[in-house]
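The sequence isn't on hand, but the structure is:
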């Protein structure tokens, strides 16, 4: 386990997802301050340390609709804690892969999978890099939670997700109105009021929507 995960995270229940537990940072958010980033910046806080509303909404949708992932190859893009990959594995995915550029995120994803009695693959890859977009062709389902948090990241994510959709993948996104979702490419298929830590979101709940990208084949 990495030093940051070991020092700052503990296994906690998720009221919105009672089937799952997750290693999360405590309410003091010392790790956020340690990272030097803000949620709206291009140097963001450690996403693996919190259960963000969009990811929780997407995980809820996957658990409630296991037929969408059962027996299929699933990618959790920019996975953070790996929560969505864990949900996909619990729902019967043939394989679930969590990818992130942060090695702490991959450590947390491994731990979260183990804590929930499932196996997932992890990879330290920036699949938002245009050079890595060919990987979009390797999955039947691509899931992304709370990914549209800056204009720069949103543009790169959009390109990857569009390629996945063109290759025939089911593309689902969970978003809590982070501000940069290209809604014209998506159809809203579910919404939830998700409890969140007030210290992180400045609110006790956020509205999380789940979207399906329209087929581009």
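Great, that's in hand. The shown structure was predicted, so the numbers you read here are calculated from the model rather than taken from an experiment.

could you point out where the protein is predicted with low confidence?
1-4, 6, 27-45, 199-202, 216-217 (pLDDT under 70).

Show me the strands in it, by range?
9-13, 21-25, 73-76, 95-100, 121-124, 141-145, 170-175, 186-195, 205-213 (DSSP state E).

how about the ones you listed in CSV, adding mean neighbour count and distance to residue 114?
Yep, even glycine has a C-beta here, placed from its N, CA and C like the rest. Shown next, in CSV, are these (neighbours: other Cβ atoms under 10 Å; distance: least, Cβ to Cβ, whole Å):
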stretch, mean neighbour count, distance to residue 114
strand 9-13, 14, 10
strand 21-25, 23, 10
strand 73-76, 28, 16
strand 95-100, 26, 13
strand 121-124, 16, 12
strand 141-145, 27, 20
strand 170-175, 26, 23
strand 186-195, 16, 24
strand 205-213, 21, 26
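
for the ones you listed, which one sits closest to residue 151?
For residue 151, the closest of the strands of the chain is strand 170-175, at 14.4 Å, according to Cβ to Cβ.

Which elements pack onto the closest one?
helix 53-64, strand 141-145, helix 151-166, strand 205-213 (3 or more Cβ pairs under 8 Å, 6 or more residues apart in numbering; DSSP states H and E).

Tell me which strands it pairs with, and in which orientation.
Applying DSSP bridges to the sheet, strand 170-175 is found paired with strand 141-145 (parallel), strand 205-213 (antiparallel).

what residues does the longest one touch?
Translated: strand 205-213. 53-54, 56-58, 61, 161-162, 165, 170-177, 181, 183, 185-196 (Cβ atoms under 8 Å, 6 or more residues apart in numbering).

Which residue would you name as the spatial centre of this structure?
Centroid-nearest residue in the chain, with Cα atoms, centre = their mean: residue 145, separated by 3.7 Å.

Show me what that residue is bridged to.
residue 174.

circling back to that earlier point, could you export the strands paired with strand 170-175 as CSV, including distance to residue 82?
Listed next are the strands paired with strand 170-175 as CSV, based on distance: least, Cβ to Cβ, whole Å:
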stretch, distance to residue 82
strand 141-145, 10
strand 205-213, 18
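
do you know which of the ones you listed lies nearest residue 22?
It's strand 141-145; of the strands paired with strand 170-175, that one is closest to residue 22 (Cβ to Cβ) at 12.7 Å.

just the angle between the closest one and helix 151-166, please?
160 degrees (axes from the mean of the first three to the mean of the last three Cα atoms, to 10 degrees).

before we move on, back to that, identify whichever of the helices and strands packed on strand 170-175 lies nearest to residue 101.
Smallest distance to residue 101 across these (Cβ to Cβ): 11.1 Å, for helix 151-166.

What residues of that closest one count as buried?
Residues of helix 151-166 classed as buried by neighbour count (16 or more other Cβ atoms under 10 Å): 153-154, 156-158, 160-165.

which one among the residues you listed gets closest to residue 128?
Closest to residue 128, out of all of the buried residues of helix 151-166 and judged by Cβ to Cβ, is residue 156, at 4.0 Å.
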